[in-house]
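Asks: below is the structure, and that's it, no one-letter string:
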């Protein structure tokens, strides 16, 4: 079953602009992760935020988590053409026994 | 060169045929996972294994089978009972303790002739 739902489904921006993607989920979680997928490739882990954290940074990435609203956002600052990819949130649900539940993803296109 | 390998990159299945997708990892990870991805969709869990000789069904296990005889290997068989097998199949692994991050292989695209 799909837990995370990303919004928007697709996002097109110019190089240098910031990109914000949102993820909503339904149940209690241990942590929430963001992954990136280039077209036709495997997923690459970007960042993990635990349920007791509110914000986390990694390079040009900033992730926030609001457990009261069951939502998370991923901000990519100063975007580059190489950031063009699909971005997925995945939740590690409490009681899930080490399984991740993925959303449908946001397709980000960064135009040079 | 450590990581997860999947083979083949493309696989063609004839009607009524069983096919097996390979997944191998040299990361010494205990847990391994198989996901199915349809166009424009997220990943759905088929099967997962937390330890050798043990595996559990995921959300869409019908028409699939797996084995976990070695820590490094977690092959997935798509049986003739899977009526809509065309999809992108992704294998992942995770260390059992100390991290929640999954590491993914490059995927196998299965097409039906």
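Replies: The structure has been received and is ready for your questions. These numbers were taken from a predicted model, which means no experiment stands behind them.

Asks: nearest residue to residue B:4 other than its sequence neighbours?
Replies: residue B:105 (3.9 Å; Cβ to Cβ, 6 or more residues apart in numbering or on different chains). (Glycine included, C-beta is placed from N, CA and C.)

Asks: that neighbour and residue B:51: what is the separation?
Replies: 20 Å (Cβ to Cβ, to the nearest Å).

Asks: between the two, which one's more packed in?
Replies: Per other Cβ atoms under 10 Å in any protein chain shown, whichever of residue B:105 and residue B:51 has more neighbours is residue B:105, with 24 against 12.

Asks: list the contacts for that one?
Replies: For residue B:105, the contact set (Cβ atoms under 8 Å, 6 or more residues apart in numbering or on different chains) comprises A:42, B:3, B:4, B:5, B:6, B:23, B:25, B:90, B:91, B:92.

Asks: and the residues you listed, which are buried?
Replies: In terms of neighbour count (16 or more other Cβ atoms under 10 Å in any protein chain shown), the buried residues within those are A:42, B:4, B:6, B:23, B:25, B:90, B:91, B:92.

Asks: gap between the residue in chain A positioned nearest to chain B and residue B:89?
Replies: Proximity to chain B, evaluated over chain A using Cβ to the nearest Cβ, is greatest for residue A:42 at 3.6 Å. Counting by Cβ to Cβ, the gap from residue A:42 to residue B:89 is 11 Å.

Asks: which helix or strand in chain A has the lowest average pLDDT?
Replies: Across the helices and strands of chain A, mean confidence by mean pLDDT, DSSP states H and E is lowest for strand A:5-7: a mean of 82.

Asks: from the chain's centroid, how far away is it?
Replies: For strand A:5-7, the separation from the chain centroid amounts to 9 Å (computed by Cα atoms, centre = their mean, to the nearest Å).

Asks: next: stretch A:88-103.
Replies: In terms of Cα atoms, centre = their mean, the centre of stretch A:88-103 is set 13 Å apart from its chain centre.

Asks: swap in stretch A:25-37?
Replies: 8 Å.

Asks: point out where chain B drops to low pLDDT.
Replies: Residue ranges of chain B with pLDDT under 70: B:1-2, B:97-98.

Asks: can you pull up the most central residue in it?
Replies: Centre of chain B computed as the mean C-alpha position; nearest residue by Cα atoms, centre = their mean is residue B:34, 3.1 Å away.

Asks: what kind of secondary structure is the nearest residue to it once chain neighbours are set aside in?
Replies: What sits nearest to residue B:34 in space, not counting adjacent residues and going by Cβ to Cβ, 6+ apart, is residue B:46, at 4.4 Å. Classification of residue B:46 using DSSP: H, G, I helix; E, B strand; the rest coil returns strand.

Asks: quick check: bridge partners of the residue of chain B found nearest chain A?
Replies: Nearest residue of chain B to chain A, counting by Cβ to the nearest Cβ: residue B:104, 3.6 Å away. Following DSSP bridges, residue B:104 is listed with bridge partners residue B:92.

Asks: what sits against it?
Replies: Residues in contact with residue B:104 (Cβ under 8 Å, 6+ apart) are A:35, A:42, A:43, A:44, B:4, B:90, B:91, B:92.
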